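Student: below: sequence and its predicted model.
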Amino acid sequence: MGQSASKVKFRESVSALIQVDVSADDADFWDELWKIPSSAAEVFELLPAASARKLRDEKFDNLATLFTQAVAQLCQIVETPYSIYFDQALNCVRVLTRILPFLLEKGDLGEADENVEQLCWGTGGPNPTDERIGLMIGGNELGTSQQAPPSVAKHRAALLKEQEDELNHRNDNEDEQEPLALLVVHAAMHMLFLPQFTCDFYEDASISKDPRGKNAVKTKRRAEDPAAAKDDRELKAEAGLRERKVDWGVSLDAVPASIVWAPGAGVVAADMGYDASTRKYDKNRVEVLRLMLAACCDPLFSPADEYNPLASRWLAVATAADAPNAICLFYSLLNTIVTYDTRHLPVAAGFSEGHHVKLVELSAQVLCVLLDCGLPGHPDPVVDQNESPCVEFEIASKGGFNIFRTLLARIDTSRELTLIYEGFARLLRNVYEAESTYMGGVKLQCFQELLVLFWKFLEENPLFMSHILTRCNVNDIIVPICFLMYKSRRDPAQIGLVHICTFVLLKLSGERSFGVCLNKPFNVKLPTDLPLFHGCHADLLTITLHKLVVNGAYKLVPLYSCFLTIIANTSPYWKSMSLVAAVKLVNLFELFSSPKFLYSGEFAYRHLALLLEVFNNIAQYQYHGNAHLVYAIVRRKDAFGQLVSLSLQKAQAQCHKVYGDQTTVARDVDAQPVSLDTKGIPNLTNMPSDEDNSQSQSSSVIGTPFQPTAEWLEELKANLPMETVTRLLQHLVPVVDEIVARKAGVVDEQEILNVLNEITMVGLLPVPHPIVIRKYQPNQYTALWFTAFMWGVIFLRNQSLPLFDGQCIELFQVSVQDEED
């Protein structure tokens, strides 16, 4: 059948499903439907969103038969994985990918519908055996056959008919039949490791029976390098992790290792048994991963303020301890991501690099989704009698258990942690390397998903942050983060990206090692208009954050305190500040002490408190080597003096001059933590729009109704640590003035810097204060923000083939902009 003819035939079949009642017993119609050659694009084109909803709402019986038969087909292809049936299986995958999001619109987290509930989660009919639904892929003696002989084909057809009958007659033996929702998720997870469809053949010799008759995994512990083993033990000891031994548990080994898509974490190349660089399965893997996304999209249809990460049964099935191939899937997705190198061309000629790039991007999205539900994993290592990693049955059987989060938390070797970090750093460097070289390779678009995954590792693996700060070069990831923030600062569509970069920096800045690492010289030439400077990575970070304040979008205003906290956390360890960074910091002080900022809200002075803390930390702990900052403070002494001498009368006069009789300035962003609106987005509804800002500087800050009072002034002076800077100026201003007078006003600044650097301030400044580090504290609002952000990214990144329709999405707001003619 030609392509155009098959497209017409498929269109006619879809029209029939929407317009007339089609009997489930009409074998000719259904058999022909599944055998019509079609592509994913054709399925989505011929079954648009409106038609899919019409099918669900007006011809539900047809939809139920379509869904039931597609699930039965997938279960059968898992049992009899012969290549002659792969095209038919792909048709089923594409149809299910298209219709599942519309079923989930009225699923667990969406608008409840009795018909959808009964179809997806109702039980009835005999329970298919483990062999029938293919719990062990290729487990029968025919699993290695490329082509099914006639007798097998006949047997398969009979089994398929029997299974369809079982799934269609769901009113008997209600307690025995597994629900279709479970079957479709399990079938998809099987199909990701189907011989000659998504992976090579493999021998499943690692499964045996334990003394209790249950499946057990036979593993051989690879000989460890003594130095690496010692390093791993030290890393665990630093984190307070102690290994425990149990008799039996749910194994966390990737078995069989040969089906994992790429070596890396969990498996090494020697365990693979085949060329893991092959890309001949990428196209099919992409199709099935799309189905996994469609089956796990429940959160999209929950209002943000009602979202419960434990409520989706679809996600619970996919992340349960008994989810088929879950461990192999975790390592396949993770290794596919972190081992990809955008600079290398595909090894196997004839295979499109585009399919592999899409596989990397979808792997990141699916892994993000699977790690964003359920409860966090327990990081304490547990082994069974065979010294194999496992999780206790009691924990694995509890509600909310997530095998993927457990695996993430249990990654505990230096080799794996280094591999993962270097993978993140290499892929994120692509955001600027692809722009700065003619041969930059493929330009990845999934950097937001990578940042979400990086955040998951920082949050849930207790060894990861310590490892990258003490055993890796953390600056490799700071440079692309600064680049992304700088490039995205004015784009309203990229505000979420700036938020996640800020969260990552805030999390890292809470560790002393991070501040120390930032002293490494910065030598990268970035394709931006950043000011040229000679300095370290702390300079890069400060210059970037300064630019976000003075030339960023209005919606970044709630992040100002976070920006300054990051600088304050790292300032005690900043050995030598560049001239550019020093000037930028003092510029920020002048900006935040200006009447326009200072009187924008009752708590707007907190920005100044953080900046003064930066100056105090450097003056008392890193004076020598930071003459640039000291001289910049001396040159702007008037800004500090005006703040010290501020009186109530002067404050009220300045406020009236800036705001007149206006008693309301929009909102004080420091009065309380950033709140979320009903869509899970930072609540900025009272902010002026970016279009209203005709100035290059976003200095029109926002605040609450406010007028300076005596109590406010007293609180301001009590909370601004001015003593150190005041004493610094008292001793150094006369020194500088004397040098200038001696040279009759013509003086080389380097001479002044040399003098300042030679002066000893010991005994002149107050007793050094304790270093204060403000650590990021996890909370439900941040977790909710990450969920909404992640799904927003996934929604937008899957629009070329519109996996999701925005009409019924509740987790975030979808606005459709009409194209101008």
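Tutor: That came through, no problem.

Student: so which bits of stretch 711-721 are buried?
Tutor: By 16 or more other Cβ atoms under 10 Å, the buried positions in stretch 711-721 come out as 712-713, 716, 720-721. In short, each C-beta sits where N, CA and C put it, glycine included.

Student: between these, which sits nearest residue 81?
Tutor: residue 721 (69.3 Å; Cβ to Cβ).

Student: check the closest one and give its pLDDT.
Tutor: For residue 721, the pLDDT comes out at 93.

Student: low-confidence stretches in the stretch 351-500 of the chain?
Tutor: Residues of the stretch 351-500 of the chain meeting the criterion pLDDT under 70: 351-352, 437-441.

Student: all strands of it, in order?
Tutor: Ranges of strands within the stretch 351-500 of the chain are 382-383, 390-391, based on DSSP state E, counting those that start in this stretch.

Student: now those in a markdown table, with distance to residue 590 and mean neighbour count?
Tutor: Formatted as a markdown table, those follow (distance: least, Cβ to Cβ, whole Å; neighbours: other Cβ atoms under 10 Å):
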| stretch | distance to residue 590 | mean neighbour count |
| --- | --- | --- |
| strand 382-383 | 56 | 18 |
| strand 390-391 | 56 | 23 |
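
Student: let's have these in TSV, adding distance to residue 192.
Tutor: What follows is these, written out as TSV (distance: least, Cβ to Cβ, whole Å):
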stretch	distance to residue 192
strand 382-383	27
strand 390-391	22
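
Student: shouldn't residue 623 be in contact with residue 630?
Tutor: Yes. Assessed by Cβ atoms under 8 Å, residue 623 is found in contact with residue 630 at 7.2 Å.

Student: comparing those two, which shows the higher neighbour count?
Tutor: Remark: of residue 623 and residue 630, residue 630 carries more neighbours, 26 against 19, as counted by other Cβ atoms under 10 Å.

Student: who are the contact partners of the more buried one?
Tutor: 619, 623, 728, 732, 756 (Cβ atoms under 8 Å, 6 or more residues apart in numbering).

Student: so among these, where is pLDDT lowest?
Tutor: If you rank the contacts of residue 630 by pLDDT, residue 756 sits at the bottom with 87.

Student: that one: how many residues sit nearby?
Tutor: 22.

Student: again, but for residue 9
Tutor: Neighbours of residue 9 using other Cβ under 10 Å come to 17.

Student: same question, residue 14
Tutor: 20.

Student: ok, now residue 794?
Tutor: Neighbours around residue 794, by other Cβ under 10 Å: 24.

Student: tell me how far it lies from residue 367.
Tutor: Distance, residue 794 to residue 367, by Cβ to Cβ, to the nearest Å: 11 Å.

Student: check which helix or strand covers the closest residue to residue 40 other than its chain neighbours.
Tutor: The shortest distance from residue 40 to any non-neighbouring residue, by Cβ to Cβ, 6 or more residues apart in numbering, is to residue 94 (4.8 Å). In this assignment (DSSP states H and E), residue 94 forms part of helix 86-104.

Student: for the stretch 551-700 of the chain, give me the ranges with low pLDDT.
Tutor: When residues are selected by pLDDT under 70, those of the stretch 551-700 of the chain lie in 661-700.

Student: okay, helices next: where are they in it?
Tutor: Taking DSSP state H, counting those that start in this stretch to define them, one finds helices in the stretch 551-700 of the chain at 560-570, 579-593, 595-598, 606-621, 627-635, 637-644, 648-659.

Student: deepest-packed of those, please.
Tutor: Mean neighbour count (mean count of other Cβ atoms under 10 Å) peaks for helix 560-570 among the helices of the stretch 551-700 of the chain, with a mean of 24.

Student: you'd agree residue 545 is up against residue 563?
Tutor: Yes. Applying Cβ under 8 Å as the test, residue 545 and residue 563 come out as touching, 4.3 Å apart.

Student: sorry, back to before: show only the entries of the buried residues of stretch 711-721 found in strands.
Tutor: Counting by DSSP state E, the buried residues of stretch 711-721 place none of their members in strands.

Student: which of these sits closest to residue 453?
Tutor: Closest to residue 453, out of all of these and judged by Cβ to Cβ, is residue 721, at 38.8 Å.

Student: now the helices for the stretch 1-150 of the chain?
Tutor: Along the stretch 1-150 of the chain, the stretches classed as helices by DSSP H, counting those that start in this stretch are 3-19, 27-35, 40-46, 49-58, 60-79, 86-104, 114-121, 150-168.

Student: how about the first one: buried residues?
Tutor: Residues of helix 3-19 classed as buried by neighbour count (16+ other Cβ under 10 Å): 6-7, 9-11, 13-14, 16-18.

Student: same check, this time on the second one
Tutor: Residues of helix 27-35 classed as buried by neighbour count (16+ other Cβ under 10 Å): 30, 33-34.

Student: how far does it sit from its chain's centre?
Tutor: Using Cα atoms, centre = their mean, to the nearest Å, the mean C-alpha position of helix 27-35 is found 41 Å from that of the whole chain.

Student: check which helices and strands it sits against.
Tutor: Where contact means 3 or more Cβ pairs under 8 Å, 6 or more residues apart in numbering; DSSP states H and E, helix 27-35 is packed against helix 3-19, helix 60-79, helix 86-104.

Student: go again with 10 Å.
Tutor: Using 3 or more Cβ pairs under 10 Å, 6 or more residues apart in numbering; DSSP states H and E as the contact test, the elements touching helix 27-35 are helix 3-19, helix 60-79, helix 86-104, helix 150-168.

Student: need these in JSON lines with mean pLDDT and distance to residue 353, can you?
Tutor: Converted to JSON lines, the helices and strands packed on helix 27-35 look like this (pLDDT from 0 to 100; distance: least, Cβ to Cβ, whole Å):
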{"stretch": "helix 3-19", "mean pLDDT": "81", "distance to residue 353": "25"}
{"stretch": "helix 60-79", "mean pLDDT": "93", "distance to residue 353": "28"}
{"stretch": "helix 86-104", "mean pLDDT": "93", "distance to residue 353": "21"}
{"stretch": "helix 150-168", "mean pLDDT": "50", "distance to residue 353": "36"}
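
Student: ok, which of these comes nearest residue 114?
Tutor: helix 60-79 (10.4 Å).

Student: can I get the CA coordinates of that closest one in CSV?
Tutor: In CSV, the C-alpha atoms belonging to helix 60-79 read as follows (Å, rounded to 0.1, in the frame of the first residue of the first chain):
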residue,chain,number,x,y,z
PHE,A,60,-16.2,6.2,24.5
ASP,A,61,-16.9,2.5,23.6
ASN,A,62,-14.8,2.9,20.5
LEU,A,63,-12.0,4.5,22.5
ALA,A,64,-12.2,1.7,25.1
THR,A,65,-11.9,-0.9,22.3
LEU,A,66,-9.0,1.0,20.7
PHE,A,67,-7.2,1.3,24.0
THR,A,68,-7.9,-2.3,25.0
GLN,A,69,-6.7,-3.7,21.7
ALA,A,70,-3.6,-1.6,21.6
VAL,A,71,-2.6,-2.7,25.1
ALA,A,72,-3.3,-6.3,24.2
GLN,A,73,-1.1,-5.9,21.1
LEU,A,74,1.8,-4.5,23.2
CYS,A,75,1.5,-7.3,25.8
GLN,A,76,1.6,-9.8,23.0
ILE,A,77,4.6,-8.3,21.2
VAL,A,78,6.4,-8.5,24.6
GLU,A,79,5.7,-12.2,24.8
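
Student: in this structure, which residue is closest to the centre?
Tutor: The C-alpha lying nearest the average C-alpha coordinate of the chain belongs to residue 452 (Cα atoms, centre = their mean; 1.4 Å).

Student: thought that residue was touching residue 367?
Tutor: Yes. Counting by Cβ atoms under 10 Å, residue 452 touches residue 367, with 9.3 Å between them.

Student: where's the residue nearest to residue 507 when sequence neighbours are not counted, which helix or strand?
Tutor: For residue 507, ignoring the flanking residues on the chain, the nearest one in space by Cβ to Cβ, 6+ apart is residue 776 at 4.6 Å. In this structure, residue 776 is located outside every helix and strand according to DSSP H and E.
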